[in-house]
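Colleague: starting from these lines, generate the structure:
(chains A and B)
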Amino acid sequence: MKLRQVQEILKADFVVGQEKLDMEVKTAFGADLMSDVLAFAKAGSLLLTGLTNTQVIRIANVLDIAAIILVRGKKPSAEAIELAKDLQIPILTTKYILFETAGRLYAEGIVGCLEKVESSSAHN
Amino acid sequence: MKVAVHTTENNLHTHSFDIEGGNFSNAGSVSTRIKSILKQIGLPDDVVRKSAIVCYEAEINVVSYAKKGKIILTVTPKTIEIEVVDEGPGIPNIELAMKQGYSTANQHIREMGFGAGMGLHNIKTYSDTFNISSEVDKGTFLKMIINAQ
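Modeller: Have a look, this model is predicted:
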């Protein structure tokens, strides 16, 4: 699915990266715990989160996240917006809660970047 | 940020970056720099990504717990070596600190979304070779090696 469809499904607004409307995305990860994002999110995925600090942008850069979707109508700080522009990471903001955001994307074909964690180590 | 760059015969690059303890607004900036350096060298995406994750986790640890620290990046034709040395409280029980879910993070660190006790474990997961040593009230030393292919 293209990022423009993600925007339509979530009735989202671009904060950064409108020029990447045609970027293809297939998978997503959602969490407000950055420790878990670092452990589980995969390259090329959407990151659905309610955290808006600059660390979210740094982590998205480190992990090669395709785009950040801020849920529950959250707006990033001016500092985070500048950093996202520098690092060319699109940010969209949607009023849907995390559950609705994930559900609406899943219903249209976006799947988790991993289905579940391994029971032995909680890592894969 | 102070950056020293040396080029020797055996190593393609050695870079040294200073990290300031407690400075969360700058936290992660060294890892962003290191990632762009490795990308510029033309290393494969997954190698760059693994190195960046390892750096970031270590950098956040230094900012969260230590007074100051340093990351030394050495790129050889076959490996990416990342050494992290800090002046801080040290880790009394390394085995315990390596356990998933174990954390000594304070409220401030947790509010930023960290402190779930995944950092050191995650560093080990993404490194091909991982070494850690620590002395209480002195500091901690990490050495991670990621194979270049």
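
Colleague: from here on, just use CA atoms for contacts and neighbour counts.
Modeller: Will do.

Colleague: show me what the most centrally placed residue in chain A is bridged to.
Modeller: Nearest residue to the geometric centre of chain A (CA atoms, centre = their mean): A:L47, 2.0 Å. Bridge pairing for A:L47 (DSSP bridges) gives the partners A:F29, A:I68.

Colleague: how about the residues of chain B by chain A?
Modeller: On the criterion CA under 8 Å from any CA of the partner chain, chain A has as its neighbours in chain B the residues B:25, B:27-29, B:31-32, B:35, B:49, B:52-53, B:56, B:112-119, B:122.

Colleague: at 7 Å instead, please
Modeller: Counting by CA under 7 Å from any CA of the partner chain, chain B comes close to chain A at B:28, B:32, B:49, B:52-53, B:113-116, B:118, B:122.

Colleague: got CSV for the residues you listed, with distance to B:K138, neighbour count and secondary structure too?
Modeller: What follows is the residues of chain B next to chain A, written out as CSV (distance: CA to CA, whole Å; neighbours: other CA atoms under 10 Å in any protein chain shown; DSSP: H, G, I helix; E, B strand; the rest coil):
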residue, distance to B:K138, neighbour count, secondary structure
B:G28, 23, 26, coil
B:T32, 27, 19, helix
B:R49, 31, 21, helix
B:A52, 26, 28, helix
B:I53, 25, 25, helix
B:G113, 27, 20, coil
B:F114, 24, 27, coil
B:G115, 22, 25, coil
B:A116, 24, 18, coil
B:M118, 23, 22, coil
B:N122, 24, 22, helix
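
Colleague: before we move on, back to that, quick one: the residue nearest to the centre of chain A and A:I57, what's the gap?
Modeller: Separation of A:L47 from A:I57 (CA to CA, to the nearest Å): 10 Å.

Colleague: tell me the secondary structure for the residue nearest to B:V84 when sequence neighbours are not counted?
Modeller: Excluding its sequence neighbours, the residue lying closest to B:V84 (CA to CA, 6 or more residues apart in numbering or on different chains) is B:I71, at 4.5 Å. With DSSP: H, G, I helix; E, B strand; the rest coil as the basis, B:I71 sits in strand.

Colleague: dig out what B:I71 forms beta bridges with.
Modeller: B:I71 has the following beta-bridge partners by DSSP bridges: B:F17, B:V84.

Colleague: wait, it touches B:S16, no?
Modeller: Yes: using CA atoms under 7 Å, B:I71 is in contact with B:S16, at 5.8 Å.

Colleague: more neighbours: these two, which one.
Modeller: Taking neighbours as other CA atoms under 10 Å in any protein chain shown, B:I71 and B:S16 compare with B:I71 leading, 24 against 20.

Colleague: could you measure from the more buried one over to B:S133?
Modeller: Per CA to CA, B:I71 is found 15 Å from B:S133.

Colleague: what's A:L98 sitting at in phi/psi?
Modeller: phi -60, psi -40 (degrees, to the nearest 10).
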